[in-house]
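1. need a structure here:
(2 chains)
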Amino acid sequence: MTEMVRLSNVSYSIESHVLINGVSLRVDKGEFVALAGENGAGKSTLLKLIMGLIKPSDGDILIEGTSTRRQKVSTLARSVGYLFQNPDRQLFGATIRQELTFGLDFLGVSKDDGERRVNETLELLNLNPDRAPTSLSRGERQRVALASLFVRRPTLLLLDEPTTGLDYRECSQMMNQVAALNRESGVTVLMITHDMEVALDFSERMMVLSEGKLIADGATRSVMRDETSLRRASLVPAQMVALAQRLGLAPGEADDAESLADWIADNARGGADDARHS
Amino acid sequence: MPGILEYQSGDTILHHTHPLVKLLLAVSVCVGGFITKSLMFNLALLLLSISGGFALGMGRKVKATLKGAGSLCLFLFTLQLPFVRSGRTLIPLPFGLKVTDMGLRFCAQLSMRLLGATLPLVLMLGVTRLSDLTNALVAQLGIPYRYAFVVTTAIRFIPILFVEMHDVIEAQTARGVELDGSFTQKIRLIPPLCVPLLVSCVQRMENNALAAELRGFYLRKRGSGYRRYPLNGADALVLTVCAAILAIAIIT
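-> A predicted model of the protein is given here:
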């Protein structure tokens, strides 16, 4: 696979306080990666380093082969979208259309192409262009912020806890749309989340950060079975993984809710038959 | 900037001085600087503030304030200098403008007054907890709590606003906004920077006001509050210094 992001021994410190300590990782194009860890582990700092908002004290970060040290954030923003936890820091337009249109001319997008992109994005994310972002719910505002990034056609999306403060419906709407962007447009997604259910449902790979160090990196289900790393990062596995583990199932044996339910039903039936025969 | 107006814990005499006496000292230095006609006394007051700041362990605050206010002073100095007509011409300039000795003196004094007015207030806030200042204003001066609270909350909000502004700038930069563009591009940046900041401030103020009201804000009276602020020997000493500063300022 083609490499999208590479961090080589990256460290970041403020005065004597080390926030990121020798992190090396690689994310390939089209991947959907979840980044988890306890509060203060350095997850947001790591995302800001990738976005180029802050520069590493040591090591190097490459986005599609180019070092972030040599690029301005505004240049990086042409291919990288960063969704902040609080959408209100990004939104200012009187209408959603205005919000989405802002800055396209900075990128050198023609008026016609810009209009086409805005209309496509509005349709894709199911947004009403004439509504004022300030009149929307938090989940809708988060989706408008996502739309304002996606209209720029980024190849990499960095999401900082995109589901925080959203109810179940808003959370699933938001995540389904991010997943659709990843699946249909091939956008690489690196997402910070505390929600293990979200990580399990949407990401194929998971990384765990603790005290500025990367302590686990692998397939989401395997990482969720790594009790030592999870405990170290104050995390608990998703309910389904915990249940499958409790039932003694190997990773891949019953990976989704449906197959797990089938497995339980079969075994329960088998147990009842055994009891009847004896 | 966020740290400049924050309280810095310590064990100096000024840390233990009565909050209103500290306020009076800061005001005396500011007012003294504006009353005096002597450039030397302005310089002396400025040096007193700078050395006082370092003695209080607030060298970082002093440097940051001098850097921030110094840029403004330099700008004002340069802007005003050619326009003062009185005095002996030192350097003639085009378009009938000139640099005069009176102009130099006037601009230098203006700069020192500005610096001399900023620094004592920064240092006073560095050695005084805002809650103590509020309590003392209410208990000793009889200022209604809501007004004292508004004043100290406004001061408390300044560093918060700076942090919020930094976050908004970061968010907009991540969207590809260039902060170092041309003048017209900068004008276009006003809505993306100001609207989120304004919305966040209004939200924060509304939340804080509601939270304060729910915690019995309006039940507070002059006699409320656990802490008392009696005057002591150090306060008398500082008050003498205040009187001396004002007296010298009036004489010179």
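2. Break chain A down into its domains, please.
-> Here the domain parsing of chain A from automatic domain parsing is A:3-235, A:247-278.
3. Shouldn't A:Met191 be within a helix?
-> No. A:Met191 is assigned strand when assessed by DSSP: H, G, I helix; E, B strand; the rest coil, not a helix.
4. Touching, it and A:Val33? I think so.
-> Yes. A:Met191 is within contact range of A:Val33, at 7.1 Å (criterion: Cβ atoms under 8 Å). Yep, even glycine has a C-beta here, placed from its N, CA and C like the rest.
5. Pick out whichever of these two has more residues nearby.
-> Between A:Met191 and A:Val33, counting by other Cβ atoms under 10 Å in any protein chain shown, A:Met191 is the more crowded of the two (27 against 21).
6. Identify the residues contacting that one.
-> Contacts for A:Met191 (Cβ atoms under 8 Å, 6 or more residues apart in numbering or on different chains) come out as A:32-35, A:157-159, A:162, A:178, A:202-203.
7. now do 7 Å
-> Going by Cβ atoms under 7 Å, 6 or more residues apart in numbering or on different chains, A:Met191 touches A:34-35, A:159, A:162, A:203.
8. Repeat that for A:Asp88.
-> So A:Asp88 contacts A:141, B:196, B:199-200 (Cβ under 7 Å, 6+ apart).
9. Kindly reformat those as CSV containing neighbour count and pLDDT.
-> Shown next, in CSV, are these (neighbours: other Cβ atoms under 10 Å in any protein chain shown; pLDDT from 0 to 100):
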residue, neighbour count, pLDDT
A:Arg141, 20, 89
B:Pro196, 24, 88
B:Val199, 17, 85
B:Ser200, 19, 85
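10. So which of the residues you listed sit within helices?
-> A:141, B:196, B:199-200 (DSSP state H).
11. At which residues are the strands of the stretch 1-150 of chain B located?
-> Under the criterion DSSP state E, counting those that start in this stretch, the stretch 1-150 of chain B contains strands at B:89-92, B:98-100.
12. Considering those strands, which stretch scores lowest in mean pLDDT?
-> Lowest mean pLDDT within these: strand B:89-92, at a mean of 79.
13. From the contact counts, what lies against that strand?
-> The contact analysis (3 or more Cβ pairs under 7 Å, 6 or more residues apart in numbering or on different chains; DSSP states H and E) places strand B:89-92 against strand B:98-100.
14. so A:Asp28 sits right up against A:Arg6, yeah?
-> No. Counting by Cβ atoms under 7 Å, A:Arg6 is not a contact partner of A:Asp28; they are 9.8 Å apart.
15. If you count surrounding residues, which of the two has more?
-> A:Arg6 (18 against 14).
16. Are we agreed that the more buried one is in a helix?
-> No. Counting by three-state DSSP, A:Arg6 is not found in a helix; it is strand.
17. For it, list the residues it contacts.
-> Contacts of A:Arg6 by Cβ under 7 Å, 6+ apart are A:26, A:62.
18. Can you read off the pLDDT for it?
-> Here, the pLDDT recorded for A:Arg6 equals 95.
19. Beta-bridge partners for it, please?
-> Listed beta-bridge partners, A:Arg6: A:Arg26, A:Leu62 (assigned using DSSP bridges).
20. and the gap between it and A:Ile63?
-> 8 Å (Cβ to Cβ, to the nearest Å).
21. Could I get the full set of strands for the stretch 1-150 of chain A?
-> Going by DSSP E, counting those that start in this stretch, the stretch 1-150 of chain A shows strands at A:3-14, A:17-28, A:32-37, A:58-63, A:66-67, A:80-83.
22. Out of the ones you listed, indicate the one that is most buried.
-> Counting by mean count of other Cβ atoms under 10 Å in any protein chain shown, strand A:80-83 has the highest mean neighbour count of the strands of the stretch 1-150 of chain A, with a mean of 27.
23. Show me what from chain B comes close to chain A.
-> Within reach of chain A by Cβ under 7 Å from any Cβ of the partner chain, chain B has these residues: B:167-168, B:170-171, B:173-178, B:191-192, B:195-196, B:199-200.
24. Can you flag the buried ones in the residues you listed?
-> If you count burial by 16 or more other Cβ atoms under 10 Å in any protein chain shown, the buried members of these come out as B:167-168, B:170-171, B:173-178, B:192, B:195-196, B:199-200.
25. Mind telling me which of the domains of chain A the model trusts least?
-> Mean pLDDT is lowest for domain A:247-278 among these, at a mean of 74.
26. Name the surrounding residues that touch stretch A:33-52.
-> Taking contacts as Cβ under 7 Å, 6+ apart, the residues outside stretch A:33-52 that touch it are A:5, A:10, A:12, A:19-20, A:23, A:27, A:54, A:56, A:61, A:68, A:71, A:73, A:76, A:80, A:82, A:158, A:160, A:189-194, A:199, A:203, A:205-212, A:220, A:233-235, B:174.
27. Give me whichever of the domains of chain A is most buried.
-> domain A:3-235 (a mean of 19).
28. how about low-confidence regions in the stretch 51-200 of chain B?
-> By pLDDT under 70, the stretch 51-200 of chain B contains no weakly predicted segment.
29. Please save the CA atoms from stretch A:15-25 in CSV.
-> Output of stretch A:15-25 as CSV, limited to C-alpha atoms (Å, rounded to 0.1, in the frame of the first residue of the first chain):
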residue,chain,number,x,y,z
GLU,A,15,10.3,23.4,28.3
SER,A,16,11.1,20.3,30.3
HIS,A,17,7.7,18.6,29.8
VAL,A,18,7.8,15.8,27.3
LEU,A,19,4.4,15.4,25.6
ILE,A,20,5.4,13.0,22.8
ASN,A,21,8.2,10.7,23.3
GLY,A,22,9.9,9.0,20.3
VAL,A,23,6.8,8.0,18.4
SER,A,24,7.2,6.1,15.1
LEU,A,25,4.3,5.0,13.0
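30. who touches that stretch?
-> Residues outside stretch A:15-25 that contact it (Cβ under 7 Å, 6+ apart) are A:7-13, A:42, A:45-46, A:49, A:207, A:212-214, A:217.
31. Quick check: the farthest pair among these?
-> A:Ser13 and A:Asp217 (22.1 Å; Cβ to Cβ).
32. quick one: buried residues of stretch A:240-247?
-> Going by neighbour count (16+ other Cβ under 10 Å), the buried part of stretch A:240-247 is A:240-241, A:244-245.
33. Of the contacts of A:Asp88, which is the nearest to B:Leu130?
-> The nearest member of the contacts of A:Asp88 to B:Leu130, counting by Cβ to Cβ, is B:Ser200 at 21.3 Å.
34. how close does the nearest residue to that closest one once chain neighbours are set aside get to A:Leu159?
-> Leaving aside its sequence neighbours, B:Ser200 sits nearest to B:Glu164 (Cβ to Cβ, 6 or more residues apart in numbering or on different chains; 5.5 Å). The gap separating B:Glu164 from A:Leu159 is 21 Å, by Cβ to Cβ.
35. Check the spacing between the residue lying closest to A:Ile264 once chain neighbours are set aside and chain B real quick.
-> The shortest distance from A:Ile264 to any non-neighbouring residue, by Cβ to Cβ, 6+ apart, is to A:Leu247 (7.5 Å). Separation of A:Leu247 from chain B (Cβ to the nearest Cβ, to the nearest Å) stands at 44 Å.
36. Within range of chain B, give me the residues from chain A.
-> Applying Cβ under 7 Å from any Cβ, we find that chain A lies next to chain B at A:51, A:53, A:73-74, A:77-78, A:82, A:84, A:88-92, A:102-103, A:106-107, A:134, A:148, A:152.
37. contacts for stretch B:49-62?
-> Stretch B:49-62 has contacts (Cβ under 7 Å, 6+ apart) with B:4, B:8, B:10, B:12, B:14, B:29, B:116, B:119-120, B:122-123, B:126-127.
38. and which of the residues you listed is nearest chain A?
-> B:Gln8 (16.2 Å; Cβ to the nearest Cβ).
39. Would you agree the closest one is in contact with B:Leu125?
-> No. Contact criterion Cβ under 7 Å: B:Gln8 and B:Leu125 do not qualify, at 9.2 Å.
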